[in-house]
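Visitor: Make a model of this:
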Amino acid sequence: MKTKILNPKIWLIIIALLHLFMGVIGSYMTMGGSIENIAVFLYMGTISISLLYVAFMTEGQMQARLAVVLCAPMALWFIIGLIMKLEFLGFPVAEIPSGLLPLTLWSMPAITGAMNWNSE
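Guide: Numbering: from 1, shown residues only. I've put the predicted structure just below:
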């Protein structure tokens, strides 16, 4: 029996909810609801919906593979942002130590998905 922490579904749900609450609602409260910022809110919401779809509408091998495909590029983006000191919307993409949390959260579904790549 697998432990729950090695299940990509758990990590996909965690990321989706954090992305929804911090990315959409938090950004709305911080940046205001002006029309200039609507694209950011919609983008963050779209990512949350995609992650929730994979978490609840797929299972097994398909879920593991989609977790890798969706989350590994984001983890890589945080690593590149850290190395190159990139900014997104005027804020650092990944700054030590605050960048470690999103890097860890996006890496976990990719790692657990890779571990369950050939599961049935």
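
Visitor: per-residue confidence at the spatially closest residue to residue 58 that is not a sequence neighbour?
Guide: Among residues not flanking residue 58 along the chain, residue 66 sits closest, at 6.1 Å (Cβ to Cβ, 6 or more residues apart in numbering). Where you see a C-beta, it was placed from the backbone N, CA and C, and this is true even at glycine. Listed pLDDT for residue 66 reads 96.

Visitor: Looks like residue 66 contacts residue 54 (just checking).
Guide: Yes - between residue 66 and residue 54 a contact is recorded at 4.5 Å, counting by Cβ atoms under 8 Å.

Visitor: more neighbours, these two?
Guide: Higher neighbour count among residue 66 and residue 54: residue 54, with 26 against 21, using other Cβ atoms under 10 Å.

Visitor: in this structure, which ranges drop under the pLDDT threshold?
Guide: 1-2 (pLDDT under 70).

Visitor: which other residues reach whichever helix in it runs longest?
Guide: In the chain, with assignment by DSSP state H, the single longest helix is helix 60-84. Applying Cβ atoms under 8 Å, 6 or more residues apart in numbering, the contact partners of helix 60-84 are 8-9, 11-12, 15, 50-51, 54-55, 58, 86, 88, 92-96, 99, 102-103, 106-110, 112-120.
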